[in-house]
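S.K.: sharing a model that was predicted from the sequence below.
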Amino acid sequence: MINTRSFIFVVLVLVTLTWQAQRWADRTDSRNSYVKAYDHLRPPAQALNWELEHQPNPLLVEQLDQDLRLQAGSSQAAPSHEALERPQLLIREQQLASIEKRLGHDQHWHTLRFMILARQTINALDAMTEGAPLTPQQLLVMHQMLATVWTDADTFVLALPRLRSANDSRPVWTQINLAARDWITALERLQQHWASGADAAELNQDLAAARAGYDELLSRYNAAVEHQY
């Protein structure tokens, strides 16, 4: 039987792999390379999903992680969101369901739930800049959902002051909650300025701040997971 620590290890490494592949592709130039990023990701994802049902092999997981990191550092890929986002989100939702089934609404469930919603929100903003429809009211709904999920996670963790994660480390949530709160604030500022009819220059600044805030959140999340697992 797969033990709880190994289960969480496999789930969080796979989350880190998919988000790192996303930011790899988001920061570069060729659309075809983005599809290649997903083609490279699929075998690790399939292998790690198999490990969820069998005894995990930490050496395999570490090697897959290292392989993707090395390629991410040298890639010249660029965004084509539809090629990778849908399978990524499906994988994450499956991971969330697996955690809920195995562990209930624990610290890992709350953290991953927030990160999935955060990714969906930044995807919507990115798609808007490429012509997809998005309104200030829709962004307000996203912001409110994020604020609610943030509060749920923070309340859960604060209620358990002795809560620890893998290797007796601080919970991942405690290492990202402030960055997450700052990012939500940046989204709120963007939404309010947009709804009030601010000029394009101000909205561009707000959008840049929202993207930078998400990147900071993701960086802190990945660092926390890598440190613990």
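M.R.: Perfect, thanks for sending it.
S.K.: quick one: the helices in this structure, in order.
M.R.: Under the criterion DSSP state H, the chain contains helices at 4-26, 31-53, 58-74, 81-103, 107-129, 136-158, 172-195, 200-228.
S.K.: going by mean pLDDT, which of the ones you listed comes out lowest?
M.R.: Among the helices of the chain, helix 58-74 carries the lowest mean pLDDT, at a mean of 39.
S.K.: quick one: the nearest residue to residue 109 once chain neighbours are set aside from residue 105, how far?
M.R.: Leaving out its chain neighbours, the residue that sits closest to residue 109 by C-beta to C-beta, 6 or more residues apart in numbering is residue 99, at 4.8 Å. Every C-beta, even on glycine, is put in place using the N, C-alpha and C of the backbone. From residue 99 across to residue 105, the span is 9 Å (C-beta to C-beta, to the nearest Å).
S.K.: for residue 158, same thing?
M.R.: 15 Å.
S.K.: what's the answer for residue 159, then?
M.R.: 12 Å.
S.K.: comparing these two, which shows the higher neighbour count?
M.R.: Set side by side, residue 159 and residue 105 show more neighbours around residue 105, with 13 against 8, by other C-beta atoms under 10 Å.
S.K.: tell me who's in contact with the closest residue to the more buried one other than its chain neighbours.
M.R.: Closest residue to residue 105 apart from its sequence neighbours, by C-beta to C-beta, 6+ apart: residue 156 at 7.4 Å. Contact analysis of residue 156 by C-beta atoms under 8 Å, 6 or more residues apart in numbering lists 105, 107, 110.
S.K.: what about the closest residue to the second one other than its chain neighbours, neighbour count?
M.R.: Yep, that's residue 107 we're talking about. Residue nearest to residue 107 in three dimensions, not counting chain neighbours: residue 171, with 4.8 Å by C-beta to C-beta, 6+ apart. Counted with other C-beta under 10 Å, the neighbours of residue 171 add up to 23.
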